[in-house]
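Visitor: Dropping a prediction and its sequence here:
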Amino acid sequence: MALTDMDSSPGMFEGTEISELCDSIKDIHRLLRSVGSFYAELDAAEAPGGNGLQIDFKKWGIRTITEDLLARQYAKIDRMAAIYKEEQERMRGR
């Protein structure tokens, strides 16, 4: 297949999929940095003589929320990867 043939056909990177994928990756990076910073602050705030129950609860909440948000972002990335693989197979079949 000539390069000009590929240029005239719809490309696999048209539409909003690429920007969604990039945004998902950026969101994961921001989320992990923010959670890591907050988690480090909680560790530093824990009183040596205290029971730490409130801080443990906050850590559990952060972990739960983070896992949910990451699962959503990973689902977006998996969807984009599936679109990419389907497009590769379609291009091979031409």
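Guide: Done, it's in. Numbering: from 1, shown residues only.
Visitor: make it CA atoms for all contacts and neighbour counts henceforth
Guide: OK.
Visitor: Count residues in the vicinity of Ser24, would you?
Guide: A count of neighbours around Ser24, defined by other C-alpha atoms under 10 Å, yields 19.
Visitor: Same question for Met91.
Guide: Considering only other C-alpha under 10 Å, Met91 is surrounded by 13 other residues.
Visitor: what separates whichever strand or helix holds it from the chain centre, distance-wise?
Guide: Using DSSP states H and E, Met91 sits within helix 53-93. Remark: helix 53-93 is offset 5 Å from the chain centroid, using C-alpha atoms, centre = their mean, to the nearest Å.
Visitor: now that helix: mean pLDDT?
Guide: What helix 53-93 shows for mean pLDDT is 84.
Visitor: Return the list of helices and strands in contact with that helix.
Guide: Other helices and strands packing on helix 53-93, by 3 or more C-alpha pairs under 8 Å, 6 or more residues apart in numbering; DSSP states H and E, are helix 17-45.
Visitor: Am I right that Leu21 is in contact with Tyr74?
Guide: No - counting by C-alpha atoms under 8 Å, Leu21 stays clear of Tyr74, with 9.7 Å between them.
Visitor: Give me the more crowded residue out of the two.
Guide: The neighbour comparison of Leu21 against Tyr74 (other C-alpha under 10 Å) goes to Leu21, with 19 against 16.
Visitor: got the contact list for the more buried one?
Guide: 76-77, 80 (C-alpha atoms under 8 Å, 6 or more residues apart in numbering).
Visitor: Kindly reformat those as a markdown table containing neighbour count and distance to Lys58.
Guide: Putting these into a markdown table (neighbours: other C-alpha atoms under 10 Å; distance: C-alpha to C-alpha, whole Å) gives the following:
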| residue | neighbour count | distance to Lys58 |
| --- | --- | --- |
| Lys76 | 18 | 27 |
| Ile77 | 20 | 28 |
| Met80 | 16 | 33 |
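Visitor: Helix 17-45 and the helix holding Met91, what's the angle between them?
Guide: 160 degrees (axes from the mean of the first three to the mean of the last three C-alpha atoms, to 10 degrees).
Visitor: Let the chain start at 34 from now.
Guide: Taking 34 as the first residue, the last one we looked at is helix 86-126.
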